[in-house]
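Colleague: For reference, the sequence and a predicted model appear below.
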Amino acid sequence: MVQVITDDTLLERPRTLRLRFSKVGSLQYISHLDLMRTMTRALIRARLPLWYTQGYNPIPHLVFATPLSVGTESRCEFLDVRIVKNVDPDAVLAAANATLPQELRILEVYYPEAKFNALVYSEYEIKIVSDAITDGYLSRASELLWQKPLTVTKKTKAGIRDVDISGGIRKLELNQDGNSLQIHAVLAANSAEFLNPELLIRILKEKTGILLGDPMQEHYSILRIDDYTEDMARFR
Amino acid sequence: MCKKENLSTVLKSVSKPGRYTGGEFNQIIKKKEDVAVRFAFCFPDTYEIGMSNLGVRLLYEALNREERVWCERVYAPWLDMDEKMREHGIPLTAHESGDVLTDFDIVAFTLQYELCYTTMLHMLDLAGIPMLASERGEDFPIILGGGPCTYNAEPIADFYDIFSIGEGEEALPELCRLYEQMKADGSYTKAEFLHAAARIPGFYVPSLYDVRYNEDGTVHSYTPKHPDVPKRVKKRIIEDMDKAIYPEKLVMPYIETVHDRITLEVYRGCIRGCRFCQAGMVYRPIREKSPETLCRQAKCLYENTGYDEISLISLSISDYSSLSELTDGLLSWTNDEHVNLSLPSLRVDSFTEELMEKISTIRTGGLTFAPEAGTQRLRDAINKNVDEEDLLRAVNIAFSAGKSSVKLYFMQGLPTEEMSDLDGIADLAGKVIGTYYKNPKRNKARGVQVTVSVSCFIPKPFTPFQWEAQDDLETLEAKQEYLKDKITDRRIRYHYHNAKVSRLEAVFARGDRRLAPALMLAAKEGVVFDAWDECFDYDRWMDIFERTGIDPAFYANRRFGLDECLPWDVIDCGVTKQYLRLERDRAYQNITTPSCAENCNGCGANKLGGKNRWCK
């Protein structure tokens, strides 16, 4: 077992450690809470010196940068964890990966500088395969998704509302290859405004009738590939 | 075989898709070319329930330790997924490899409760495997059954090729070795294999017995078809619990499961001999693990899983002879690591302040005690050797420590029960409330809440009450109403189980092979997940029984003759019929039997051997 602690003395104040990780394959089907539990247990197995909350039912302190929808894969997720002793980030990476399933990989471990609210945009690769994607579909889809306003019915805290999501689209590129549509999008991903890429698919489904056929033949995938700050620098 | 991509749309449309994906940490993946026996371990209920089961976790480890065996897990898809699977022709597959069940050599089901039978048949159907053993040719896998229901597997005998009776950690690998050997030396045919397996201790091959019935419907005889097939199949036990295989790591579910924690099995069997309890009888002789072994296993499991709770599992944890040593050993590190210790199945007479203080989940969680009967007279008859004094003392300890709620388990419909015994339940709950208000150390900021949970008695094979009739449905329901009217104190919450569920359980618990057509018809008509409230349909079952010519009262509500041949007599669980008969007679005289710790009562289980704690 890799020793992750560099210095056994208890820190006066706990520090934050950041992990960048990927979550693909079967992992896309588990919920946010499930992922929280999975990561917590992995970090315990890796012997990370976790900080625990005070009180009746102490639990470790783990925070994810962005919400993770069921059905989305990702190569760029961030997790902050509070620790009570100094650790070697490389050792943590090795120890954690040794105790995680293949589809959940830690890519980088470091002491962070930026806060999570500096993460403003996420970049996605979306692929849709459907029999309804025929010749000329590309222009229909482009026209639809590029319109302003781009309204979608959402259930918000204030009730069911029609919301214009066009402001959350920073970049949008579409490509078609036979019956497959690829969307390359940079969407708002901060707490003030979070544009779920599923909404783009939902719009196409409702307005152009795709993904309504045989579920064994038609499918879509969403992969988050990177995250950015306000000025489109890579978030770290 | 379906590609994962093709399944993604379906998975995204069902609830809790994490149930079906596999890929969990600590799952065991082997190379198909390197193994001789592919073993599919099926749990006939949903993933969340199956993953929590200790038996599956244990046998998964025991089988996979065999180099030439690959054991994989299979669970029942929930209703929404099941519908999609049927609609799109998606077959039932195993989690690790994603292969269909017909690719396996042995498909095994663990049978934990009777109400899972239809789900089990449903899974065979989803896998494209004929339900009846007689309809499966050489090309289909061996269908094997194990678990507590095999103590009377007769209702499902027609669906199985073979049953593993008792503890499977050594028996199942032995069976796999026989299979491999026969396949390798060319002597294998299904019939030859099953005959050879019947010669291994602990394996029951139902097709090798002729069953005859009397005119009155009772069993006449079970006769082995060959002289080398045992008249009675003796269950297998693990001789030395310290040397027995136990997992050092567990497959870690992604989604939340029912018991998402380390379950540490402390010992098997029970010294108490409560007369309604099947588990207490069939897990004898009592065999303990040493505290050293347990502490080592607990630490190992914690380090390999990261779980934050350890549950000490046994039939009666406070009867474990080294409980202090064990809890001290565990507490030396669990508090520091923020791991909770849970001790379910605490007996009232051994609940102490010390335990209360030490055990985190007792400190923070609810307290449950099981007096089972409301009067001392009935408690003596059922041999639940617990005094009112013990109960009140135990709840007082809890109240003094600041707890203001307690749960009490009872049963109704017990043999020799009178209405005054039911009154006793209400009285006892009232006395607990009185005790609360008399306790000066109680939490004065809160009022007390006593929950009374009453289930229906079910006569179970291999208990002194195995011959007893269950009350008929009208009586069970009338008694529930009676108690409801009696309990007027608002501080008492009264819960009772659906009596119709208990009745159906009783039919299958004491059933014979003639129930098979009913099970088959039920499965074919889509009856499934009977153990789930939202799916259970009693009237449908009564209709099915009528259409298959079965009188459920024959099994549930009939008092079986004391000299009758019982369908489960073909199994030997260790405890003798004479002993059960003796205990039954004592029940009717309100005479108690002391625990094994005080006195050996000669139940017969000691003849099975094993390194046991109390047996002479």
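Modeller: The structure has been received and is ready for your questions. Numbering: from 1, shown residues only, chains lettered A, B, ... in the order given.

Colleague: tell me, which strand in chain A spans the most residues?
Modeller: As assigned by DSSP state E, the longest strand anywhere in chain A is strand A:72-83.

Colleague: That strand packs against which elements?
Modeller: With contacts taken as 3 or more C-beta pairs under 8 Å, 6 or more residues apart in numbering or on different chains; DSSP states H and E, strand A:72-83 sits against strand A:15-23, strand A:62-64, strand A:219-228. Just so you know, the C-beta spots here come from the backbone N, C-alpha and C atoms, and that holds for glycine as well.

Colleague: any idea of the angle that strand forms with strand A:219-228?
Modeller: Angle of strand A:72-83 versus strand A:219-228, following axes from the mean of the first three to the mean of the last three C-alpha atoms, to 10 degrees, is 40 degrees.

Colleague: With only the CA atoms kept, save strand A:72-83 in PDB.
Modeller: Coordinates of each C-alpha in strand A:72-83 appear next as PDB, following Å, rounded to 0.1, in the frame of the first residue of the first chain:
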ATOM      1  CA  THR A  72     -23.100  11.900 -18.800                       C
ATOM      2  CA  GLU A  73     -19.600  10.600 -19.100                       C
ATOM      3  CA  SER A  74     -16.700  12.900 -18.200                       C
ATOM      4  CA  ARG A  75     -13.000  13.300 -18.600                       C
ATOM      5  CA  CYS A  76     -12.800  16.400 -16.500                       C
ATOM      6  CA  GLU A  77     -14.400  16.200 -13.100                       C
ATOM      7  CA  PHE A  78     -13.100  18.000 -10.000                       C
ATOM      8  CA  LEU A  79     -13.400  16.900  -6.400                       C
ATOM      9  CA  ASP A  80     -12.200  18.900  -3.400                       C
ATOM     10  CA  VAL A  81     -11.500  17.000  -0.200                       C
ATOM     11  CA  ARG A  82     -10.500  18.300   3.200                       C
ATOM     12  CA  ILE A  83      -7.500  16.700   4.800                       C
END
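
Colleague: how distant is that strand from the center of its chain?
Modeller: How far strand A:72-83 lies from its chain's middle: 8 Å, per C-alpha atoms, centre = their mean, to the nearest Å.

Colleague: Show me which positions of it end up buried.
Modeller: Buried residues in strand A:72-83, counting neighbours by 16 or more other C-beta atoms under 10 Å in any protein chain shown, are found at A:72-83.

Colleague: Report whether stretch B:31-49 contacts chain A.
Modeller: No: Stretch B:31-49 lies out of reach of chain A by C-beta under 8 Å from any C-beta of the partner chain, never closer than 11.7 Å.

Colleague: per-residue confidence averaged over that stretch?
Modeller: Averaged over stretch B:31-49, pLDDT sits at 97.

Colleague: I'd like the buried residues of strand A:72-83 as a markdown table, with pLDDT appended.
Modeller: Listed next are the buried residues of strand A:72-83 as a markdown table, based on pLDDT from 0 to 100:
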| residue | pLDDT |
| --- | --- |
| A:Thr72 | 93 |
| A:Glu73 | 96 |
| A:Ser74 | 96 |
| A:Arg75 | 96 |
| A:Cys76 | 96 |
| A:Glu77 | 96 |
| A:Phe78 | 97 |
| A:Leu79 | 97 |
| A:Asp80 | 98 |
| A:Val81 | 98 |
| A:Arg82 | 97 |
| A:Ile83 | 97 |
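
Colleague: how far does stretch B:46-66 stretch from start to finish?
Modeller: Length of stretch B:46-66, first residue to last, C-alpha to C-alpha, to the nearest Å: 27 Å.

Colleague: ditto for stretch A:12-28
Modeller: Using C-alpha to C-alpha, first and last residues of stretch A:12-28 are 38 Å apart.

Colleague: So that stretch, near chain B or not?
Modeller: Yes: for stretch A:12-28 and chain B, the contact criterion (C-beta under 8 Å from any C-beta) is met by A:25-27.

Colleague: Any stretches of the stretch 451-600 of chain B with poor pLDDT?
Modeller: Low-confidence segments of the stretch 451-600 of chain B, defined by pLDDT under 70, are absent.

Colleague: oh sorry, the question was meant for chain A
Modeller: For chain A, applying pLDDT under 70 flags the ranges A:1.

Colleague: sorry, back to before: list of residues touching the helix or strand following the longest strand of chain A?
Modeller: Once strand A:72-83 ends, the next helix or strand along the chain (criterion: DSSP states H and E) is strand A:86-87. In this structure, residues lying in contact with strand A:86-87 by C-beta atoms under 8 Å, 6 or more residues apart in numbering or on different chains are A:4-7, A:11, A:15, A:17, A:48-49.
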